[in-house]
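Student: Requesting a structural model of the entry that follows:
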Amino acid sequence: MSSSAPGRRIDVTLVAGGKYHDIDFARRELLGLLAEHDEFRVRVQPDYEDTAGISASSILVSYTCDVRPSEKAQREIRSWVEGGGRWVALHGTNAALTLGGPNGVEAPRVFPLWAETLGSQFVAHPPIQPYSVQVSDPSHWLVSGIESFDTDDELYLSEYADRAALHPLLHTTWQGDATGFEEHDWTSCDPTHLVMYLRDLGSGSILYNTLGHCRGHYDMAPVLDFYPRIERCSWEKPAYYELLRRSLRWARGLSA
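Tutor: Presented below is the predicted three-dimensional model:
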């Protein structure tokens, strides 16, 4: 595994792929942020199956939705993290979706090892509308000095494998109805939902950030041939880019 010391090459794998999101936009934005680090040499793949490439990297960055890794990929990526890898996991990395069911969008529990590794699995979200993101641990440099901010992103309602094992960095509070999802009734849930957290695993760690929904006109095919609006959500917030920049500094082993 490559050293992350300044002045030495750092190999990075960016996984960007999946459904119902403007993956082209997210990939472009993330590559721009990765390019701010001269030492980064970035390879890009649409899924998690080239585990040899991931294992040869020091850093994994993922922006996916309904990309379901094989059991082999799940085991090997977990082993890579446990061996010291750092993974910046974004938005729908923890999501498996089935559309078209009679009771709304389903979140099948098809990758328990994946969800346990990441610390969570997406279940539902209420309709996109503004909500407030709060800082959970203002003493941690990843979020220190960042003021609470409003965003109109997807508010992720997740199932946690072991919530006590997660280090919350950002959170929001919400209870209500996640209209359009099979598991829609969240009126009596724990109102605190993690937005960004750290998950240590062996010698490595995962930094998960649920923000970052984006969708263009042509990203809902085959459900819809043309989606009527362009959604950029937290990508329009300076705070989100600051969080991403800090996340990449964390991934290379820096502490500020």
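
Student: For the chain, just list every one of the strands.
Tutor: Taking DSSP state E to define them, one finds strands in the chain at 10-18, 40-45, 59-65, 86-90, 120-124, 131-135, 149-151, 157-160, 166-173, 176-177, 185-186, 192-201, 204-209.

Student: Make JSON lines out of the ones you listed and add mean pLDDT, mean neighbour count and distance to residue 26.
Tutor: Backbone N, C-alpha and C define where each C-beta goes, glycine included. As requested, the strands of the chain are exported to JSON lines (pLDDT from 0 to 100; neighbours: other Cβ atoms under 10 Å; distance: least, Cβ to Cβ, whole Å):
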{"stretch": "strand 10-18", "mean pLDDT": "98", "mean neighbour count": "23", "distance to residue 26": "6"}
{"stretch": "strand 40-45", "mean pLDDT": "98", "mean neighbour count": "16", "distance to residue 26": "12"}
{"stretch": "strand 59-65", "mean pLDDT": "99", "mean neighbour count": "25", "distance to residue 26": "5"}
{"stretch": "strand 86-90", "mean pLDDT": "99", "mean neighbour count": "24", "distance to residue 26": "8"}
{"stretch": "strand 120-124", "mean pLDDT": "98", "mean neighbour count": "23", "distance to residue 26": "16"}
{"stretch": "strand 131-135", "mean pLDDT": "98", "mean neighbour count": "19", "distance to residue 26": "19"}
{"stretch": "strand 149-151", "mean pLDDT": "98", "mean neighbour count": "17", "distance to residue 26": "16"}
{"stretch": "strand 157-160", "mean pLDDT": "98", "mean neighbour count": "19", "distance to residue 26": "20"}
{"stretch": "strand 166-173", "mean pLDDT": "98", "mean neighbour count": "19", "distance to residue 26": "19"}
{"stretch": "strand 176-177", "mean pLDDT": "98", "mean neighbour count": "14", "distance to residue 26": "27"}
{"stretch": "strand 185-186", "mean pLDDT": "98", "mean neighbour count": "16", "distance to residue 26": "26"}
{"stretch": "strand 192-201", "mean pLDDT": "98", "mean neighbour count": "20", "distance to residue 26": "17"}
{"stretch": "strand 204-209", "mean pLDDT": "98", "mean neighbour count": "22", "distance to residue 26": "12"}
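
Student: Out of the ones you listed, which is closest to residue 34?
Tutor: strand 40-45 (5.2 Å; Cβ to Cβ).

Student: Please render the strands of the chain as a markdown table that adds distance to residue 233 to the earlier fields.
Tutor: Shown next, in a markdown table, are those (distance: least, Cβ to Cβ, whole Å):
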| stretch | distance to residue 233 |
| --- | --- |
| strand 10-18 | 16 |
| strand 40-45 | 22 |
| strand 59-65 | 13 |
| strand 86-90 | 12 |
| strand 120-124 | 15 |
| strand 131-135 | 11 |
| strand 149-151 | 6 |
| strand 157-160 | 16 |
| strand 166-173 | 14 |
| strand 176-177 | 19 |
| strand 185-186 | 20 |
| strand 192-201 | 13 |
| strand 204-209 | 12 |
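
Student: ok, now how distant is residue 88 from residue 99?
Tutor: Residue 88 is 27 Å from residue 99, where distance means Cβ to Cβ, to the nearest Å.

Student: With residue 197 instead?
Tutor: Distance from residue 197 to residue 99, counting by Cβ to Cβ: 27 Å.

Student: likewise residue 254?
Tutor: Taken as Cβ to Cβ, the span from residue 254 to residue 99 is 40 Å.
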